[in-house]
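*Asks:* Turn this into a structure:
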Amino acid sequence: MNNFIKQLPKAELHLHIEGTLEPELMFALAKKNQINIPYQNVEAVKKAYNFTSLQSFLDIYYAGAAVLMSESDFFELTWAYLQKCKAQNVLHVEIFFDPQTHTARGIAFETVIKGIIRALERGKAELGISSFLIMCFLRHLSEKAAFETLQASLPFKEKIIGVGLDSSEVGHPPSKFERVFEACAKEGYKIVAHAGEEGDSSYIWEAINLLHVNRIDHGIACDEDASLVDYLKAHRIALTVCPLSNVKLRAVDDMKHHNILKLLHEGLLVTVNSDDPAYFGGYVNENYEALVQSLHVSPEELKQLAKNSFEASFLEPKKKAFFYRLIDTL
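*Replies:* The predicted structure follows:
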């Protein structure tokens, strides 16, 4: 089955590029940029990846991001992720980046996005991986800060397909950013938002009704509300589910209890993604493998999940159809 998963053409739609910072690269960049990090070695970093909550992860995530300083650092980070995609037959990616994590440290928006875009363009040319870039707002920060970030993005608008909402969910509902996302939609950005990971199903309803999302990131709390499940199914609103992340952050107590297969059987447009793979123990293929091991997912179900990943993407219909045909050859 692992070999089948490796051969399966896949898209990844829920990936924080800062969350691909492997400990080895973290140390290399810390040394290069003369940044002190609170770990003695790679093993000490890996031991710290025993999270008790979303917040305990975010504390380490933001500390790690401090080593990213120059355009070349962001290029190197993104290029390393794309090489992993090539090895795992991930053919299309829609990558999140968090500019506020960096602008708060005095790193220019331009520095961040130029490094990422340079790697994505090289990934298309040399690896054949297509990509879109999604800018996320940090929901623990203010509406004002989000509006400032929106303004900073406008000179690069042709390089950014959409906007999202991430960071600490509970206490920061989508309604906090309703006006920001209204302004984003007027600029032509696609809309996504993290909802229903740590928060309950009401956060998903807010993302739908107030932010008018194209898809929901995580969304596993939807099955608390049968009417919400029906709505998601009827409107083909995708859920970008991250199984290993859900277990690592205690949103799900055990992979055997994950609801992704149940939601798939109910006809929802669920997809498999890695979220922050350097921190959660695996990239896309490891997430598929975990589902096989714990939920005994069949080859046909794997193929459906892979097709869903392209259907839920922002690719043109013709390109989606091309990837469907590739999957059907397996």
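
*Asks:* hey, let's count contacts and neighbours off CA atoms from now on
*Replies:* Noted.

*Asks:* Now do the contacts for L13.
*Replies:* Neighbouring residues of L13 by C-alpha atoms under 8 Å, 6 or more residues apart in numbering: 93-95, 240, 273, 309, 313.

*Asks:* Select, from those residues, the two members most distant in space.
*Replies:* Greatest spacing in those, by C-alpha to C-alpha: I95 and S309 (13.5 Å).

*Asks:* and those two? which has more neighbours close in?
*Replies:* Neighbours around I95 and S309, counted as other C-alpha atoms under 10 Å, are more numerous at S309. The numbers are 27 against 23.

*Asks:* Strands of the protein, residue ranges please.
*Replies:* For the chain, applying DSSP state E gives strands covering 10-16, 90-97, 130-138, 162-166, 190-195, 215-218, 238-241, 270-272.

*Asks:* And those strands: which comes nearest Y279?
*Replies:* Closest of the strands of the chain to Y279 is strand 10-16, at 11.0 Å (criterion: C-alpha to C-alpha).

*Asks:* Export that closest one to CSV, keeping only CA atoms.
*Replies:* C-alpha atoms of strand 10-16 as CSV (Å, rounded to 0.1, in the frame of the first residue of the first chain):
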residue,chain,number,x,y,z
LYS,A,10,-1.7,14.0,-5.3
ALA,A,11,-2.3,17.7,-4.6
GLU,A,12,-1.6,19.4,-1.2
LEU,A,13,-3.9,22.2,-0.2
HIS,A,14,-3.1,22.8,3.5
LEU,A,15,0.6,23.4,4.0
HIS,A,16,2.2,26.1,6.0
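
*Asks:* Can you read off the backbone torsions of V297?
*Replies:* Phi and psi for V297, reported as degrees, to the nearest 10, are phi -60, psi 140.

*Asks:* circling back to that earlier point, quick check, nearest of the contacts of L13 to F75?
*Replies:* For the contacts of L13, the nearest to F75 is I95 (13.3 Å; C-alpha to C-alpha).

*Asks:* Mind listing the residues bridging to the closest one?
*Replies:* Beta-bridge pairing for I95 (DSSP bridges): L15, L133.

*Asks:* any idea how far L120 is from it?
*Replies:* Applying C-alpha to C-alpha, to the nearest Å, the value for I95 to L120 is 10 Å.

*Asks:* intersection of neighbour lists for the two?
*Replies:* S131.

*Asks:* quick one: L291 from I37, how far?
*Replies:* According to C-alpha to C-alpha, L291 stands 34 Å off from I37.

*Asks:* out of these two, which sits in the more crowded spot?
*Replies:* For L291 and I37, the more surrounded residue by other C-alpha under 10 Å is L291, and the numbers stand at 22 against 16.

*Asks:* Count residues in the vicinity of the nearest residue to the more buried one once chain neighbours are set aside, would you?
*Replies:* Excluding the flanking residues, the one nearest L291 by C-alpha to C-alpha, 6 or more residues apart in numbering is V297, at 6.1 Å. Using other C-alpha under 10 Å, V297 has 16 other residues around it.

*Asks:* Please tell me I have it right and A185 contacts R179.
*Replies:* No - using C-alpha atoms under 8 Å, A185 is not in contact with R179, being 10.0 Å away.

*Asks:* okay, the two: which has more neighbours?
*Replies:* A185 (17 against 14).

*Asks:* all helices of the stretch 101-250 of the chain, in order?
*Replies:* Secondary structure of the stretch 101-250 of the chain (DSSP state H, counting those that start in this stretch): helices at 109-122, 143-153, 178-186, 201-209, 226-235, 243-248.

*Asks:* Put together CSV for those, with mean pLDDT and distance to E76 on each row.
*Replies:* Below are those laid out as CSV (pLDDT from 0 to 100; distance: least, C-alpha to C-alpha, whole Å):
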stretch, mean pLDDT, distance to E76
helix 109-122, 98, 8
helix 143-153, 98, 22
helix 178-186, 98, 29
helix 201-209, 98, 33
helix 226-235, 98, 37
helix 243-248, 96, 24
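
*Asks:* closest one to L263 among these?
*Replies:* Evaluated over the helices of the stretch 101-250 of the chain, closeness to L263 peaks at helix 226-235, with 8.3 Å, by C-alpha to C-alpha.

*Asks:* Tell me what angle that closest one forms with helix 201-209.
*Replies:* Counting by axes from the mean of the first three to the mean of the last three C-alpha atoms, to 10 degrees, helix 226-235 points 30 degrees away from the direction of helix 201-209.
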